[in-house]
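Q: here is a sequence with its predicted model. Questions after.
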Amino acid sequence: MLLQVLGTAAGGGLPQWNCACPGCTGARAHPERRRRHASLAVRVGEGRWYVVNATPDIGEQIEGAAELHPGPGARQTPVAGVVLTDAELDHTLGIARLREAHDGFDVVATPPVLDAVREGLRLDAVLGPYTSVRWRELSDGDAGRPLDGAESGISVSAVPLSAKKPRYAANSADSSHRWSVALRLRDTGSGRTLLYAPALAVWSDAFEAAARDADCVFVDGTFWDDEEPLRSGFSTRTATGMGHLPVTGPGGTAHRLARLSGRCLYTHLNNTNPLGNPHAEQHKLLAEWGIEVAAEGMVIEL
């Protein structure tokens, strides 16, 4: 399984266009600190890739990854589809940017997420005149389904995590825990497994089991500690109150990741998180626990 990290930032990116916090100001002064919205690309076959979460940066992310560049045909692209972990705007707005797809593309997600994107955002009707979107249901369970048809060497399944809905879908009658999921990607040839969870509100037993079984785990690193949103002055809620387990402190995920045998990386960093600065002391602490922060452009082969 070949993976490429396309982005590692939470909603708004780093820097965020309307923010002058120390993290955003630092990223403007030091371009190497800039981070695009959290996303990942997985190769499902020769010259065929799926993008995990379609962010507002998807065009720039494709341009920054040579494996995703079009060719050899004038409108031939290796981007075959998108897999969604949730229906949040920072993970779905990029779908509209794929409207030029000559042969169409897949969007794979759980039923409530598909409904929100198709009906709530009206992307089914909006994209219809431009291209063919094949809306495919993402299933639960360990076995998973081939991501790119029967010949695909990668299977995908969902680990339900949270009933948190995006604001535009607040009135949806669906209250299942399939609004936000972790993706379990498995190489059917080698048996190697990736678990990708950019938003993690609760470390459930099901998530623990999937994390222990995975060879590589990407986890929500939005906030360093629970008080960060309050301390930064942009929210009246804690990290957990906003649906994100913090990295450290009570309820933090770092000590859980340190016990896992697989490679562990944080992604989805908020602009207030000190981990956005590659020189911050917090990186040394994570390194002592054997945990990394995902870097833009990072390539991982499992």
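A: Looks like it arrived, so ask away. Numbers count the residues shown, from 1 in each chain.
Q: how many other residues sit next to the nearest residue in space to G252 that is not next to it in sequence?
A: Of all residues not flanking G252 in the chain, P246 sits nearest, at 5.0 Å (CB to CB, 6 or more residues apart in numbering). Any C-beta I mention is one placed from the backbone N, CA and C, and that applies to glycine too. By other CB atoms under 10 Å, the residues close to P246 number 24.
Q: also R122?
A: For R122, using other CB under 10 Å, the count is 11.
Q: any idea how far it is from T248?
A: Separation of R122 from T248 (CB to CB, to the nearest Å): 40 Å.
Q: check contacts around P78.
A: 47-49, 67-70 (CB atoms under 8 Å, 6 or more residues apart in numbering).
Q: and of these, the nearest to L260?
A: Comparing the contacts of P78 against L260 with CB to CB places W49 closest, at 26.7 Å.
Q: SS state for A206?
A: helix (DSSP: H, G, I helix; E, B strand; the rest coil).
Q: wait, Q76 touches H69, no?
A: No. Using CB atoms under 8 Å, Q76 is not in contact with H69, being 10.3 Å away.
Q: what ranges does the stretch 151-300 of the chain have for its helices?
A: Taking DSSP state H, counting those that start in this stretch as the test, the helices found in the stretch 151-300 of the chain are 205-213, 228-232, 254-257, 282-288.
Q: chain center to the longest one, what's the gap?
A: Taking the mean of its C-alpha atoms, helix 205-213 sits 18 Å from the chain's own mean (CA atoms, centre = their mean, to the nearest Å).
Q: pLDDT of it, averaged?
A: Confidence over helix 205-213 (mean pLDDT, whole number) is 97.
Q: please renumber the chain so that the first residue is 3 from this point on.
A: With 3 as the first residue, the last one maps to helix 207-215.
Q: any idea which helix or strand of this protein has the worst average confidence?
A: Ranked by mean pLDDT, DSSP states H and E, the helix or strand of the chain with the weakest confidence is strand 147-148, at a mean of 90.
Q: show residues contacting that strand.
A: Applying CB under 8 Å, 6+ apart, the contact partners of strand 147-148 are 141, 154, 156-159, 190.
Q: again, 10 Å this time
A: 46, 110, 138-141, 154-159, 190 (CB atoms under 10 Å, 6 or more residues apart in numbering).
Q: go on, stretch 126-140?
A: Contacts of stretch 126-140 with the rest of the structure, by CB under 10 Å, 6+ apart, involve 82-87, 97-98, 100-113, 115-117, 119-121, 124-125, 146-147, 149, 158-160, 180, 183, 185.
Q: list buried residues within those.
A: Buried by 16 or more other CB atoms under 10 Å: 82-87, 97, 100, 103, 107-112, 115-117, 119-120, 125, 146-147, 149, 158-160, 180, 183, 185, out of the contacts of stretch 126-140.
Q: restricted to strands, list these.
A: Members of these lying in strands (criterion: DSSP state E): 82-85, 107-111, 147, 158-160, 183, 185.
Q: flag whichever of those scores worst on pLDDT.
A: Across these, the bottom pLDDT score, 89, is held by R147.
Q: gap between that one and V115?
A: Distance of R147 to V115, computed by CB to CB: 16 Å.
Q: cool, and Q63?
A: Using CB to CB, we find Q63 at a distance of 20 Å from V115.
Q: R50 now?
A: R50 is 23 Å from V115, where distance means CB to CB.
Q: repeat for A12
A: For A12, the distance to V115 equals 18 Å [CB to CB].
Q: next: G14.
A: Note on G14: its distance to V115, by CB to CB, is 21 Å.
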